[in-house]
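A.B. asks: Have a look; sequence and predicted model below, questions after that.
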2 protein chains.
Amino acid sequence: MYSSKLCIFVINTYLVVTLSEENYLKAIYHLGKQGSVAVSTNAIAEKIESKASSVTDMVKKLAEKDLANYVKYQGVTLTEKGRLIAALVIRKHRLWEVFLVEKLNFTWDEVHDVAEQLEHIKSLKLVNELDRFLGCPTHDPHGDPIPDKDGNYAPIKSVNILEIKKGEQGVLALVKNSSDAFLKYLNKNNLALGDVIKVVDFEPFDKSLTIETAHQKMIISNEVAKNLYLRL
Amino acid sequence: MYSSKLCIFVINTYLVVTLSEENYLKAIYHLGKQGSVAVSTNAIAEKIESKASSVTDMVKKLAEKDLANYVKYQGVTLTEKGRLIAALVIRKHRLWEVFLVEKLNFTWDEVHDVAEQLEHIKSLKLVNELDRFLGCPTHDPHGDPIPDKDGNYAPIKSVNILEIKKGEQGVLALVKNSSDAFLKYLNKNNLALGDVIKVVDFEPFDKSLTIETAHQKMIISNEVAKNLYLRL
DNA sequence: ATAAATTTTTAGGTTAGACTAAATATTTAT
DNA sequence: ATAAATATTTAGTCTAACCTAAAAATTTAT
């Protein structure tokens, strides 16, 4: 997917990307299928909690640096360079999350803020040694895949729980929403990655779901269900 | 030295200290015996590689935030709060250095730039868990002492090699200069922390020193000697 | 197809943190 | 004690990254 030539080039220019630019690249990457689909300035503004006018400014700068493609009124995509830098930031974020949970006794709902800071530390040796130290993990504590040195990763093969037939079951493999409130909900209700979950019933009225785990039977709202992905 | 009441207060205000402010506090702390002796704006400018006029601006801001004491034309000292924040930054810096060397295969001359970034990550849980994970080390890889949670530390009991009598010996315990060039010099000449060093001769003409280690006998310049400290 | 609503951009302003050059204070040397 | 040298501060700029309000483009609804 990424040529190693490009990787080397990007690594050389890597140091001149600011923290703020990295955050924009990451947002575009997440919103637009790895930056391949055009994202509106408004969508970016909402994600980053800023204003559309600020986004317009920054996006012009990214385009000038050849990290993004930008056409007025038509949204933003990432260039190969931009996509690789975004992937490297995400790689760092997820590796640090693994470190915090496995080595420093963080719970999975505590890691986000700190990883958000650590992902901007600039040192290739640091990332790659951290990767080795952690045993080259493929997924972070939320079940999201960790890109490799070249920015590639095998997307996890999981399916949303709403698409699973009554009576079938799977293993909770991915949680799409990492907000504090949602992770706290999961903890409170004893739901964790790796749990076997069986879909018992679907209620058409409010689109809620009855599920069964090893410890309990419970009803989850459609809001919750939309964020749970199972490996079959 | 620091009351825990103060510690709690500082921790509460901790999050509003910017990266740049932290760097100034650290510089004042290092230059002025933990911030207790007045430091000139020029000295700070040189340390931080900026200009005196920039320092004047920042120092006014630090004084307004009650982190520094500043009287025009008379230099800067740190308040209790400022001193504690500086100590916490240094604590983080040195703990990360230990981590990089012991867990991630960094050599002691590679750690500085990365630790300089990591020292600004804001999470009390992170620092304290890192400390525990590393076994609560008391010294970093350069032999400098690591402040505890409250900013206190037992200064290392070492003496400059120039103050040691001919024929006596000690263990290399502290290196005062952490510049890249100096650390590379030490590596090249096979000098490391923990080495037993014997002072063989002192040459009054150029103030150089002849020393003997387990592997070699060599002459070190006064420039070098000024930076080597031995535990007797 | 055109008006209304929405989205996006532009224009102009703000703040933190840096800078240069000029002005002022302090220190040093005669 | 005063002039010269040095150190420090002030005044005025600059840039990155944000903002608000107004203008322009696009989309939606009639």
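C.D. replies: Received it, and whenever you're ready, just let me know what you need.
A.B. asks: Which residue comes closest to the residue positioned nearest the centre of chain A once chain neighbours are left out?
C.D. replies: In chain A, the residue lying closest to the centroid (C-alpha atoms, centre = their mean) is A:D144, at 6.2 Å. Closest residue to A:D144 apart from its sequence neighbours, by C-beta to C-beta, 6 or more residues apart in numbering or on different chains: A:R94 at 6.1 Å. Placement of C-beta: from N, CA and C, glycine included.
A.B. asks: shouldn't the residue nearest to the centre of chain A be in contact with A:L174?
C.D. replies: Yes. Assessed by C-beta atoms under 8 Å, A:D144 is found in contact with A:L174 at 6.7 Å.
A.B. asks: where's A:Q216 relative to DNA strand C, distance?
C.D. replies: 41 Å (C-beta to the nearest atom of the strand, to the nearest Å).
A.B. asks: Where do the domain boundaries of chain A fall?
C.D. replies: For chain A, automatic domain parsing gives the domain ranges A:1-155, A:159-231.
A.B. asks: looking at those, which is buried most?
C.D. replies: Across the domains of chain A, averaging neighbours per residue (mean count of other C-beta atoms under 10 Å in any protein chain shown) puts domain A:1-155 on top, at a mean of 18.
A.B. asks: same question for it, mean pLDDT?
C.D. replies: Mean pLDDT, computed over domain A:1-155, is 91.
A.B. asks: Can you get me the centre-to-centre distance for it and its chain?
C.D. replies: The chain centroid and the centroid of domain A:1-155 are separated by 9 Å, computed with C-alpha atoms, centre = their mean, to the nearest Å.
A.B. asks: before we move on, what about stretch A:200-212?
C.D. replies: Centroid displacement of stretch A:200-212 relative to its chain, using C-alpha atoms, centre = their mean, is 27 Å.
A.B. asks: these two touch, right, A:N222 and A:S208?
C.D. replies: Yes. At 5.8 Å, A:N222 and A:S208 qualify as touching, with contact defined as C-beta under 8 Å.
A.B. asks: Quick check: most distant residue from the centroid of chain A.
C.D. replies: Outermost in chain A, C-alpha atoms, centre = their mean: A:F205 at 31.4 Å.
A.B. asks: can you map out the strands along chain A?
C.D. replies: A:68-70, A:76-78, A:159-160, A:169-175, A:196-203, A:208-212, A:217-220, A:228-231 (DSSP state E).
A.B. asks: who touches the nearest residue to A:K166 once chain neighbours are set aside in this structure?
C.D. replies: Leaving out its chain neighbours, the residue that sits closest to A:K166 by C-beta to C-beta, 6+ apart is A:V199, at 5.8 Å. Counting by C-beta atoms under 8 Å, 6 or more residues apart in numbering or on different chains, A:V199 touches A:161, A:164-169, A:209-211.
A.B. asks: and the closest residue in space to A:G151 that isn't next to it in sequence, how far is that from A:H30?
C.D. replies: For A:G151, ignoring the flanking residues on the chain, the nearest one in space by C-beta to C-beta, 6+ apart is A:A87 at 3.3 Å. Separation of A:A87 from A:H30 (C-beta to C-beta, to the nearest Å) stands at 11 Å.
A.B. asks: tell me which strands and helices the top helix by length along chain A is in contact with?
C.D. replies: Taking DSSP state H as the criterion, chain A has its longest helix at helix A:80-103. Contacts defined by 3 or more C-beta pairs under 8 Å, 6 or more residues apart in numbering or on different chains; DSSP states H and E place helix A:80-103 against helix A:4-13, helix A:19-31, helix A:111-118, helix A:124-133.
A.B. asks: Can you confirm whether the shortest one lies near chain B?
C.D. replies: Yes. Taking C-beta under 8 Å from any C-beta of the partner chain as the criterion, helix A:111-118 and chain B are in contact, through A:113-114, A:117-118.
A.B. asks: quick one: contacts of that helix?
C.D. replies: Against helix A:111-118 from outside (C-beta under 8 Å, 6+ apart): A:92-94, A:96-97, A:100-101, A:106, A:141, A:178, A:180, B:118, B:121-123, B:125-126.
A.B. asks: Mind doing that once more with 6 Å?
C.D. replies: By C-beta atoms under 6 Å, 6 or more residues apart in numbering or on different chains, the residues outside helix A:111-118 that reach it are A:93, A:96-97, A:100, A:178, B:121, B:123, B:126.
A.B. asks: how about CSV for those, with distance to A:L62 added?
C.D. replies: As requested, the contacts of helix A:111-118 are arranged in CSV below (distance: C-beta to C-beta, whole Å):
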residue, distance to A:L62
A:H93, 19
A:W96, 24
A:E97, 26
A:L100, 29
A:S178, 25
B:I121, 25
B:S123, 29
B:L126, 30
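A.B. asks: Pick the one among the residues you listed closest to B:S36.
C.D. replies: Checking the contacts of helix A:111-118 against B:S36 by C-beta to C-beta gives B:I121 as the nearest, at 27.3 Å.
A.B. asks: could you check the distance from that closest one over to B:D195?
C.D. replies: 33 Å.
A.B. asks: same check, this time on A:A87
C.D. replies: As judged by C-beta to C-beta, A:A87 and B:D195 stand 44 Å apart.
A.B. asks: Could you do A:N152 as well?
C.D. replies: Counting by C-beta to C-beta, the separation of A:N152 from B:D195 is 46 Å.
A.B. asks: do the same with A:A225
C.D. replies: Taken as C-beta to C-beta, the span from A:A225 to B:D195 is 64 Å.
A.B. asks: And A:G35, by the same measure?
C.D. replies: In this view, A:G35 and B:D195 are 52 Å apart by C-beta to C-beta.
A.B. asks: likewise A:A154?
C.D. replies: 48 Å.
A.B. asks: Check A:L104 too.
C.D. replies: A:L104 sits 33 Å away from B:D195, going by C-beta to C-beta.
A.B. asks: Would you work out how far apart the start and end of stretch A:102-122 are?
C.D. replies: 22 Å (C-alpha to C-alpha, to the nearest Å).
A.B. asks: ok, the closest residue to A:E22 other than its chain neighbours - contacts?
C.D. replies: Residue nearest to A:E22 in three dimensions, not counting chain neighbours: A:V89, with 5.1 Å by C-beta to C-beta, 6+ apart. The contact partners of A:V89, taken as C-beta under 6 Å, 6+ apart, are A:22, A:26, A:119.
A.B. asks: do that again at 7 Å, thanks
C.D. replies: A:22, A:25-26, A:119 (C-beta atoms under 7 Å, 6 or more residues apart in numbering or on different chains).
A.B. asks: Done for today, thanks.
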